[in-house]
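Engineer: return a 3D structure for these sequence lines:
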Amino acid sequence: MKHGLYRVGWISGLFIIACLSGSHSVWAEVYKFTDKDGIVHYTNVRPPNQKVQTFSFPCYASDPTCNQLDWEKIPLNRGAFNEEIEAAAEVYAVDDALIRAIIHAESAYQPDALSPKGAQGLMQLMPATQHELKVVDVFDPVSNIEGGTLYLSRLLEQFDQNVELAAAAYNAGPGAVLQYDGIPPYKETREYVRRVKILYRRYRSAGS
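Structural biologist: This is a model prediction of the structure:
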């Protein structure tokens, strides 16, 4: 999810994010300022010559500027939402370790997470995706995991079970993957895929 300037409303949920026991997150900065036309903006780059208000939000794997985490060493979370993940994995035939990797990368297991772009919940579903998948309550772990896993299963099917391409499509959209006939040359997406691959391998090795 690309970072830039965002108008009021996009990150209101940042103020209600709850940290879950066992998760490991690092906090990045978001700056709020009002331009000369009276429009309020949010940006992850401190604007020059502007009076700003600073907020913090979790450092998601989709943010390439968050370099504080060593994804090979951060603690895994194998205890949160076990029943929900296992049920979704069975229904949609998706490896539960991959579901955990996506959740860990997207929200650090925080069910109330809301990104500056507007993606919501554990698997960071965008509003359009929520509507398409008929997710009624995106902040409900059961609904979010079911919807996110269904979406992931469709991407895996579309890209012949290629985890790298499915992860790239989860981040940048399937259209971008088709356009570039592979992982798009976006810094964010390439870094996202790298981190998801690390987490997926580690969760599989840990017997998620």
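Engineer: can you show me the helices along the chain?
Structural biologist: Applying DSSP state H to the chain gives helices spanning 82-92, 96-107, 127-133, 141-158, 163-172, 174-180, 187-205.
Engineer: export the ones you listed as TSV, with columns for mean neighbour count.
Structural biologist: Where you see a C-beta, it was placed from the backbone N, CA and C, and this is true even at glycine. Below are the helices of the chain laid out as TSV (neighbours: other C-beta atoms under 10 Å):
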stretch	mean neighbour count
helix 82-92	16
helix 96-107	26
helix 127-133	15
helix 141-158	21
helix 163-172	24
helix 174-180	15
helix 187-205	19
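Engineer: what's the neighbour count on Gly71?
Structural biologist: Not Gly; residue 71 is Trp. 16 (other C-beta atoms under 10 Å).
Engineer: surely Tyr200 touches Val94?
Structural biologist: No: applying C-beta atoms under 8 Å as the test, Tyr200 and Val94 come out as separate, 11.3 Å apart.
Engineer: what about the helices of the chain, which gets the closest to Pro47?
Structural biologist: Distance to Pro47, taken as C-beta to C-beta, is lowest for helix 187-205 among those, at 20.4 Å.
Engineer: distance to Ala113 added to the helices of the chain, as CSV?
Structural biologist: Listed next are those as CSV, based on distance: least, C-beta to C-beta, whole Å:
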stretch, distance to Ala113
helix 82-92, 16
helix 96-107, 4
helix 127-133, 14
helix 141-158, 10
helix 163-172, 15
helix 174-180, 23
helix 187-205, 15
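Engineer: save these as a markdown table, and put in mean pLDDT and distance to Lys32 too.
Structural biologist: Compiled in a markdown table, the helices of the chain are given as follows (pLDDT from 0 to 100; distance: least, C-beta to C-beta, whole Å):
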| stretch | mean pLDDT | distance to Lys32 |
| --- | --- | --- |
| helix 82-92 | 97 | 34 |
| helix 96-107 | 94 | 22 |
| helix 127-133 | 94 | 22 |
| helix 141-158 | 98 | 27 |
| helix 163-172 | 97 | 25 |
| helix 174-180 | 98 | 29 |
| helix 187-205 | 94 | 22 |
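Engineer: for Lys73, which of the ones you listed is the nearest?
Structural biologist: Among the helices of the chain, the nearest to Lys73 by C-beta to C-beta is helix 187-205 (9.5 Å).
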